[in-house]
Structures are given as structure tokens and as C-alpha cells.
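*Asks:* sequence and predicted structure are below.
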Amino acid sequence: MEAEDVLPTTGPKVQILGTSPTCVTLILADEDHTLGNALRYVLAKKKAVQFCGYSIPHPSEAKMNLRVQTSGGVPALRIVREALVDLMSMAGSMRKTFDAAVEAHEAGRSAGGMDEGA
């Protein structure tokens, strides 16, 4: 499916559903499995999380549903915020490692370590 085949969303980027502070469903507009799976992974590592999962309601809709339930009276939204910060930190670390590897590769190429065609 091409990006232009997905229907754009209108309205807020995030909708929060739920009446309990420890169990919420977030509807995230213009998000897909890329964020959903990574965020689910980070959330599942949190001790206070009892349940976390995400779904894409339909492939032609650009939205993701994220459900989080916590224990011990820990607010679910606080855990989601923490997970997002952790995920950004992980992405930053991966970016630095990737950039360093590209720099080392390019330095090896310019030193005659590799042919240009390789």
C-alpha cells in the first residue's frame, strides 16, 4: 500500500479514552506499526505495566489504538510518557552509533580501503 492510499486523519493527534487513571486507551493519529511495536516493547519492560497492546483498526486508516493498564496506582499516562522518553533516548543512541559507523566506513573508503564501486 502506498502512502497516498492511506486516508489522512482530521482532528487531534492524540485522543485519550478511559475513566480510570490506571487503564487508558490512546488513539494516535497518523501512526502505524513503526511506533506501535516499539512503544509496546518499551512499555512491556516497565514494572508497573500489567497490560499493553496496540492495534491498527484498518490499514486504510492512519491511526493506532494503544491500550495500557498499570498496577499499584501508577497513572498509565505517566508510564506512556516515560516510555516515549525512553524510546527517544534509544533512538538517539542508535543514531549516534549509526552515524559513527558511517563515518568510520567513509574514512576507510577515502583512505583507499575499499573500491568506489563496492
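*Replies:* Arrived safely. Note that the structure is a prediction, hence the values are computed from the model and not measured.
*Asks:* wait, is residue 72 part of a helix?
*Replies:* No - under DSSP: H, G, I helix; E, B strand; the rest coil, residue 72 sits outside any helix and is assigned coil.
*Asks:* list the buried residues of stretch 45-52.
*Replies:* 46, 48, 49, 52 (16 or more other C-beta atoms under 10 Å). For every residue, glycine as well, the C-beta is placed using N, CA and C.
*Asks:* for those, which one is nearest residue 72?
*Replies:* Nearest to residue 72 among these is residue 48, at 5.9 Å by C-beta to C-beta.
*Asks:* burial count for residue 26?
*Replies:* 20 (other C-beta atoms under 10 Å).
*Asks:* could you look up the SS state of it?
*Replies:* State at residue 26, reduced to three classes by three-state DSSP: strand.
*Asks:* quick one: it from residue 72, how far?
*Replies:* Note on residue 26: its distance to residue 72, by C-beta to C-beta, to the nearest Å, is 20 Å.
*Asks:* okay, strands next: where are they in this structure?
*Replies:* Along the chain, counting by DSSP state E, strands occupy 14-20, 23-29, 49-55, 63-70.
*Asks:* so which helix or strand of this protein has the lowest pLDDT on average?
*Replies:* The helix or strand of the chain with the lowest confidence, counting by mean pLDDT, DSSP states H and E, is strand 14-20 at a mean of 92.
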